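Participant: return a 3D structure for these sequence lines:
(one chain, ligands or ions: 2)
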Amino acid sequence: MTETDAIVLQGISKTFGKAQKPSLYPTDLRIETGSFVTILGASGCGKTTLLKMVNRLYEPTSGKIYINGEDVTRISPTKLRRQIGYVIQQTGLFRHMTVEQNVAVVPQILGWDNKKINERIDRLLNLVGLSPQEFRKRYPRQLSGGQQQRVGLARAMAADPSIMLMDEPFGAIDAINRSALQDEILRIQKRLRKTILFVTHDIMEAMKLGDKVIVMNEGRVQQFARPLDILRHPANEFVRNLVHSDDILQRLAFVRAKDVMNTEGPAADPYEKAPEARESSTLYEILTLLLGGRADYVQIRDEKNRSVGRVTIKEIRQA
Ligand SMILES: Nc1ncnc2c1ncn2[C@@H]1O[C@H](COP(=O)(O)OP(=O)(O)OP(=O)(O)O)[C@@H](O)[C@H]1O
Ligand SMILES: [Mg+2]
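Facilitator: Numbering: from 1, shown residues only. Ligands and ions are numbered 1, 2, ... in the order given. Predicted structure coming up:
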């Protein structure tokens with residue numbers, strides 16, 4: 001393994017109890033440090049099983065896992081908690097605790113002093129787009145689903161782990177909030193250089209977020225590659241069927257604005273209210289904006305909010 005691999009799986013498999021066949025067949029994977037990897041697959045294909053072995057919620061039946069070069073079975077539970085943040089579906093927030101108490105759980109276990117914990121809570125809530133003043137004292141039931149998910153994210157990042165495991169974190173969220181949360185997690189990941197392993201069964205989400213995507217089926221990894229490579233060179237019949245549907249709109253989800261935008265067009269007209277999108281936005285999202293009809297182009301902005309190009313129907317057609 002190299003120094004740049006945050007997570008390495010060697011021959012990892014899992015068979016539960018007396019089950020007839022493995023939930024995960026022997027699997028080798030390397031997740032580079034600082035990369036955003038999505039795991040895509042249908043219900044029951046073994047996504048959660050794989051994730052839970054990485055932070056030792058499940059013990060593998062065979063194989064070894066290394067976190068930042070270290071065998072996980074030799075890492076103390078405390079250190080593992082510090083290195084790996086975990087966000088689960090339906091947030092898993094403690095219902096009888098306020099937002100601030102939820103976020104403070106891991107730092108308290110790690111024995112941080114109150115001042116440091118307090119500063120950390122403010123910083124994290126701001127980072128996930130919740131005003132500390134407004135939200136610190138609320139209970140989970142007083143939050144919307146999307147807000148709860150943001151708190152779950154803040155809680156998972158509390159001890160500044162280098163690795164984040166996220167299991168269908170946005171599954172229960174409506175489309176608009178979901179898209180906002182996706183943009184948020186991309187922004188956070190770019191800024192903080194976390195390694196993220198993110199489970200989803202939504203192909204659009206997998207392609208939008210992942211630098212690379214792990215496609216799984218029935219306990220086996222079918223392909224592990226960049227979104228465009230999966231589209232251009234599907235590894236087998238299963239992947240081909242998944243991505244080569246006749247649904248052209250779906251295929252637009254494989255291409256990002258950055259790859260096709262026109263960077264030489266006229267500068268943005270400050271008086272025109274063109275819709276805006278990010279470099280990481282997919283052409284599917286951009287088409288949706290264009291169809292909104294406010295302008296005949298979408299202004300693309302980078303992480304620092306600088307205008308870096310535009311996308312019109314022409315670029316989408318060419319793609
Ligand atoms: N604790 C367990 N005991 C026995 N079998 C289990 C256990 N957890 C999972 N399984 C089985 O392992 C297989 C994979 O389950 P897993 O939870 O990893 O699926 P998944 O891909 O995360 O699905 P979903 O998208 O529905 O969350 C399933 O057949 C499931 O029934
Ligand atoms: Mg699951």
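
Participant: contact partners of the lowest-mean-pLDDT helix or strand in the chain?
Facilitator: None of the helices or strands of the chain scores lower by mean pLDDT, DSSP states H and E than helix 248-252, at a mean of 73. Residues from elsewhere that reach helix 248-252, judged by Cβ atoms under 8 Å, 6 or more residues apart in numbering: 203, 204, 231, 243, 245, 282, 283, 284, 287, 316, 319. The way it works is simple: take the backbone N, C-alpha and C, and place the C-beta from them, glycine included.

Participant: any idea how far that helix is from the chain center?
Facilitator: Here the centre of helix 248-252 is set off from its chain's centre by 21 Å, with Cα atoms, centre = their mean, to the nearest Å.

Participant: show me which positions of that helix end up buried.
Facilitator: By neighbour count with 16 or more other Cβ atoms under 10 Å, helix 248-252 contains the buried residues 250, 251, 252.

Participant: if we can go back for a sec, and the contacts of helix 248-252, which of them are buried?
Facilitator: By 16+ other Cβ under 10 Å, those give 203, 204, 231, 243, 282, 283, 284, 287, 316 as buried.

Participant: okay, now the unreliable bits of the stretch 51-200 of the chain?
Facilitator: 89-91 (pLDDT under 70).

Participant: quickly find the element holding the residue most central in space within the chain.
Facilitator: What sits nearest the mean C-alpha location of the chain, by Cα atoms, centre = their mean, is residue 198, with 4.4 Å. Secondary structure assignment for residue 198, by DSSP states H and E: strand 195-200.

Participant: give me the helices and strands touching the next helix or strand after that strand, please.
Facilitator: Remark: after strand 195-200, the chain's next helix or strand is helix 203-209, criterion DSSP H and E. Judged by 3 or more Cβ pairs under 8 Å, 6 or more residues apart in numbering; DSSP states H and E, helix 203-209 is in contact with strand 36-40, helix 175-192, strand 195-200.

Participant: returning to what we had before: what is the residue nearest to the centre of the chain paired to in the beta sheet?
Facilitator: According to DSSP bridges, the partner residues bridging residue 198 are residue 38, residue 166.

Participant: so where do the strands sit in the stretch 201-319 of the chain?
Facilitator: Taking DSSP state E, counting those that start in this stretch as the test, the strands found in the stretch 201-319 of the chain are 212-217, 220-225, 276-278, 297-301, 307-312.

Participant: now tabulate those strands in CSV and tack on distance to ligand 1, mean neighbour count and mean pLDDT.
Facilitator: Output for the strands of the stretch 201-319 of the chain, formatted as CSV (distance: least, Cβ to the nearest ligand atom, whole Å; neighbours: other Cβ atoms under 10 Å; pLDDT from 0 to 100):
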stretch, distance to ligand 1, mean neighbour count, mean pLDDT
strand 212-217, 7, 22, 96
strand 220-225, 12, 20, 97
strand 276-278, 27, 20, 89
strand 297-301, 33, 23, 90
strand 307-312, 33, 20, 90
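
Participant: among these, which comes closest to residue 161?
Facilitator: Residue 161 lies closest to strand 212-217 among these, at 20.1 Å (Cβ to Cβ).

Participant: pretty sure residue 151 sits in a helix.
Facilitator: Yes: judged by DSSP: H, G, I helix; E, B strand; the rest coil, residue 151 forms part of a helix.

Participant: give the contact list for it.
Facilitator: Counting by Cβ under 8 Å, 6+ apart, residue 151 makes contact with 91, 93, 99, 102, 103, 125, 128, 130, 135, 140, 143.

Participant: nearest residue to it other than its sequence neighbours?
Facilitator: Leaving aside its sequence neighbours, residue 151 sits nearest to residue 99 (Cβ to Cβ, 6 or more residues apart in numbering; 5.3 Å).

Participant: what residues of stretch 63-71 count as buried?
Facilitator: For stretch 63-71, by 16+ other Cβ under 10 Å, it's 63, 65, 66, 67, 68.

Participant: likewise stretch 13-24?
Facilitator: Across stretch 13-24, burial judged by 16+ other Cβ under 10 Å covers 13, 14, 15, 22, 23, 24.

Participant: right, and the residue nearest to the centre of the chain touches residue 35 too?
Facilitator: No: in this structure, residue 198 is not within contact of residue 35 by Cβ atoms under 8 Å, at 10.8 Å.
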